Each structure stands twice: as C-alpha cells, then as structure tokens.
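K.L.:
Sharing a model that was predicted from the sequence below.
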Amino acid sequence: MERRVLSESEFEKSIQLSQYAFQYIVKKEDLPKRYEMMKRQEIWGEFENEELISKLHIHSLEISIENQRFPMGGIAGVATWPEHRRKGSVTRLLQQALLRMKENGQSISLLHPFNIQFYRRFGWELTASVNKYTLNKSDFVRYEDVPGTISRLTEKDGNDLLNTVYEGWFRKYNHLLVRSDYWWNNHVFTEGFNRILFKDENGEPKGYLCCKVADKLMDVQEFVYVNEDARRALWNFICQHDSMVDKVKIIAPSNDQLPFLLNNPRIHQEHYPYFMARIVDVESFLKQYPFKNVEGSLTLSITDEKAEWNNGTFTIDANGITRESETVADALAMDVQTLAAALLGSQKPQFLFSCGKIKGNQKDVERFEEIITNKPAAFLDFF
C-alpha cells in the first residue's frame, strides 16, 4: 500500500472513482473546469500496485469564530472502490489527513458527513444544522414596500457587494466560511442560480438571495440580510413570483425564525444535521481562540483517540494557554468532539455537562461558558 498526493495526471482516476461512488456524471465539456478546481485541492490517495483504491480531498479554507479567522481543512470526496471497502483504507487516509492538516497549520477541519456516526469515530462532531422550509403559494403574503431597490447582478458585476452583506451577516454567527471571489463564482452561484441584491435608500447593500426558478419551484439556497428592511424587501421579491411558482424552498440557519413570521407557521419544516467539525490541533486552536473576560485560571483535560498529540491538560488564564506537564485533578474533562461543540457555539457547556459529556464541577462549567462564544454556529456552503 502507498499513500500519497495525486499528481495532475491522475485526476482522471479520482473523477472516475467519484462518479462511481457518488453516482453522477461529469460532462466532457465540464472536465477542464473540474481539473482546475482540483488543482486548488490536496488530493490524497491510497494505491495498491499503482491502482487508486481510495481517496479524499483537502480544501484549504478559513472559517470565522467571533469574527476571527481560523485556517480550516475541508475534507471532501472521501471514496473507496467497493471491492476495497472495509479494509481500513479510509481510516488510514483520514489519519494521514489529520497529520497533513496539522502540518499545514489548519487547526480545525470541517466536512459534510455521509454518516454522522462514522465520522464521530474519527473525532468529528456535529456542529451546524440547517432548517429546510417548503412554502406554498398561499403563504406568499407581502409586507408594505420598504425604501430601497432590488437588482439582479451578473458574475461580471463581481461579488464585493454580496460579500459585504455576507460578512455583515456572519458577525451574528460562528463557523461560517470565509469566501473568496473564486468561491462565490464556483461554489455559491452555480449554474442557473441568480444573484439578487437589495440596497437600502442610501444605496448600501443590506441583503441578497441566491435563488433559481424552474418547474414551478423557487429554490432559495441563501436568504441573507443584515436588517429587517432587507428581510422584508427580499421576502416581497419572493412573493412577486406568485404567478410563476407553486412552491418555494428555503434553506436557513437552524436558529432562523421565518415560520413564526408567517401568517400560517404550519409549513413543512425539516431540521437537517448538516456539517461536522473537528479540532485538528487542540493546543494551536486554543491559542488562537478569542477567549473573553478571563479572570483567574481554568484547566481543561482533553482526550482524543485518533490524534494523540491532542491528549493533554491545558490551562487558560489572562496570559494565554499553558500546556501542563502533569494532569490536574480538578480540570474540566471532555473529549475533542465535545470541546469543538462548545468552542464553536454549537452546544452550551451547561448542556454538555448535564448530559455527562463534560466532567468536573458546576462552578467551573459556568466559568467556561462565560469565557467562550455565545454566538450560534451556522454553515451554508458545501464541499
């Protein structure tokens, strides 16, 4: 067995495996674009006699936590030919990916799981969910018009205005992806989706939709706004399609309150567990993390079955993070998955303590909750 990064000449092998594993076809005319996208990724494969038997992709990206950017390794395209499954190949590749991301300074990793339980075994934890709504035409009840304008942008207009809205919106959340112009054009606005921008009466961008209309359905992948006027203006834009569509589907962060604001909140709703996160390097991540109002000291004892370098005891105080050489008896104890859920704002420490995922005393749990983020986690992208 050999594990290594694929060369560009081996990209075709990777695509063939992806097409089989994920059951799609890449059109011949789309191959050049796909190859260019793959050049931006680090693709690790396991080979047997020069035959590619399994592979995974690492995207070099960033996420935001308390408006601070963290280098992130995005795991995608994990696949094995069926005749080579259940032989430990993916386990070995994931272990290799953890080592590689640590070397790259990517202290945290995200992925979209085919099976949540499977990736929990390797230290990832569910951290971001979405709400999926399906509305009927009868739910289209407009608000009074608000001052401002709606415009339809093209790729030639650039994404600066949209990114201004997006980054203003994501100050309310943790966990969201930092988007480059390339990412906007190739991963957000894919074929058939429209860029709908709302500007207020002063000409300032305050909201946008990423949406597509086809077959009597309006598909809203992103409904992003920084104030109530923007929300109402974009909702009114959706309602203007009442002669064109029978249904609207909207994807929103898990704390979204759209149903409450409808005349009939009894729409079809699905709460969908979406993305998982894993702290790759606990010490590095803690040193980057924006702890707040730290008084005195608090010690955490972390266990990690798949990345032994993370096993240890870490003290947080006003001077920063210290890795202790010995165990501390009264430390708050948790595994690496629980630590990620708490520090990303996915779950509150009090809840994690009450269900037994954090061990320690109540007072230290309260202090832990006070010094970490109180913003919820959200994620809308896909890779």
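P.N.:
Cool, the structure landed. Numbers count the residues shown, from 1 in each chain.

K.L.:
Chain neighbours aside, what residue packs nearest to P147?
P.N.:
By the measure of Cβ to Cβ, 6 or more residues apart in numbering, the closest residue to P147 outside its immediate chain neighbours is E201, 3.9 Å from it. From N, CA and C alone the C-beta is placed, and that goes for glycine too.

K.L.:
And the average pLDDT for the one helix or strand K102 maps to is what?
P.N.:
Element membership for K102, per DSSP states H and E: helix 89-103. Averaged over helix 89-103, pLDDT sits at 98.

K.L.:
Look up phi and psi at the most far-flung residue of the chain relative to its centre.
P.N.:
The centre of the chain is farthest from one residue, N49, which by Cα atoms, centre = their mean lies 36.1 Å away. Here is the backbone geometry of N49 (degrees, to the nearest 10): phi 60, psi 50.

K.L.:
Ok, the one 10 residues further on next?
P.N.:
According to degrees, to the nearest 10, the main-chain angles of H59 amount to phi -90, psi 140.

K.L.:
quick one: the helix holding K102 to chain centroid distance?
P.N.:
20 Å (Cα atoms, centre = their mean, to the nearest Å).

K.L.:
Surely E295 touches A318?
P.N.:
Yes: if you go by Cβ atoms under 8 Å, E295 and A318 touch, sitting 7.3 Å apart.

K.L.:
Quick check: K359 touching L332?
P.N.:
Yes: between K359 and L332 there is a contact under Cβ under 8 Å: 7.1 Å.

K.L.:
Phi and psi next, for the residue nearest to T91 when sequence neighbours are not counted.
P.N.:
Closest residue to T91 apart from its sequence neighbours, by Cβ to Cβ, 6+ apart: F122 at 7.6 Å. Note on F122: backbone dihedrals following degrees, to the nearest 10 are phi -110, psi 10.

K.L.:
Please apply the same query to D30.
P.N.:
phi -90, psi -10.

K.L.:
Then Q68?
P.N.:
The phi/psi pair for Q68 (degrees, to the nearest 10) is phi -110, psi 140.

K.L.:
who's it bridged to?
P.N.:
I65 (DSSP bridges).

K.L.:
re the thing from before, and the helix holding K102, what does it pack onto?
P.N.:
strand 2-5, strand 41-48, strand 51-65, strand 68-80, strand 108-111 (3 or more Cβ pairs under 8 Å, 6 or more residues apart in numbering; DSSP states H and E).

K.L.:
highest average neighbour count across these?
P.N.:
A comparison of the helices and strands packed on helix 89-103 by mean neighbour count, using mean count of other Cβ atoms under 10 Å, puts strand 108-111 on top with a mean of 24.

K.L.:
Distance from the chain centre to that strand, please.
P.N.:
In this view, strand 108-111 has its centroid 8 Å away from the chain centroid, taken as Cα atoms, centre = their mean.

K.L.:
what's the answer for stretch 153-160, then?
P.N.:
Counting by Cα atoms, centre = their mean, stretch 153-160 comes out at 24 Å from the chain centroid.

K.L.:
what does it rub up against?
P.N.:
By Cβ atoms under 8 Å, 6 or more residues apart in numbering, the residues outside stretch 153-160 that reach it are L161, L162, R179, D181, W184, N185, F189, R195, I196, L197.

K.L.:
same question, stretch 172-187
P.N.:
With Cβ under 8 Å, 6+ apart, stretch 172-187 has contacts from 33, 37, 40, 61-66, 69, 72, 127-128, 155, 158-159, 162-163, 166, 170, 188, 253, 275, 277, 344-346, 373, 375-383.

K.L.:
Just the residues you listed: which are in helices?
P.N.:
In helices, defined here by DSSP state H, the members of the contacts of stretch 172-187 are K33, M37, L162, N163, Y166.

K.L.:
Can you go through those residues and name the buried ones?
P.N.:
L162, N163, Y166 (16 or more other Cβ atoms under 10 Å).

K.L.:
Just give me the closest of these to F11.
P.N.:
Among these, N163 lies closest to F11 (Cβ to Cβ), at 29.6 Å.

K.L.:
Relative to S180, how far out is that closest one?
P.N.:
9 Å (Cβ to Cβ, to the nearest Å).

K.L.:
now do D335
P.N.:
33 Å.

K.L.:
higher neighbour count, the two?
P.N.:
D335 (19 against 14; other Cβ atoms under 10 Å).

K.L.:
Next, give phi and psi for the more buried one.
P.N.:
Dihedral angles (degrees, to the nearest 10) for D335: phi -90, psi 170.

K.L.:
Which pLDDT value goes with it?
P.N.:
If you check D335, the pLDDT there is 98.

K.L.:
Please name the residues that touch it.
P.N.:
I302, T303, D304, E305, K357.

K.L.:
measure S129 to L135 for me?
P.N.:
20 Å.

K.L.:
what about the two, which has more around it?
P.N.:
More crowded of S129 and L135, by other Cβ under 10 Å: L135, with 21 against 17.

K.L.:
tell me the SS of that one?
P.N.:
For L135, the assignment made with DSSP: H, G, I helix; E, B strand; the rest coil gives strand.
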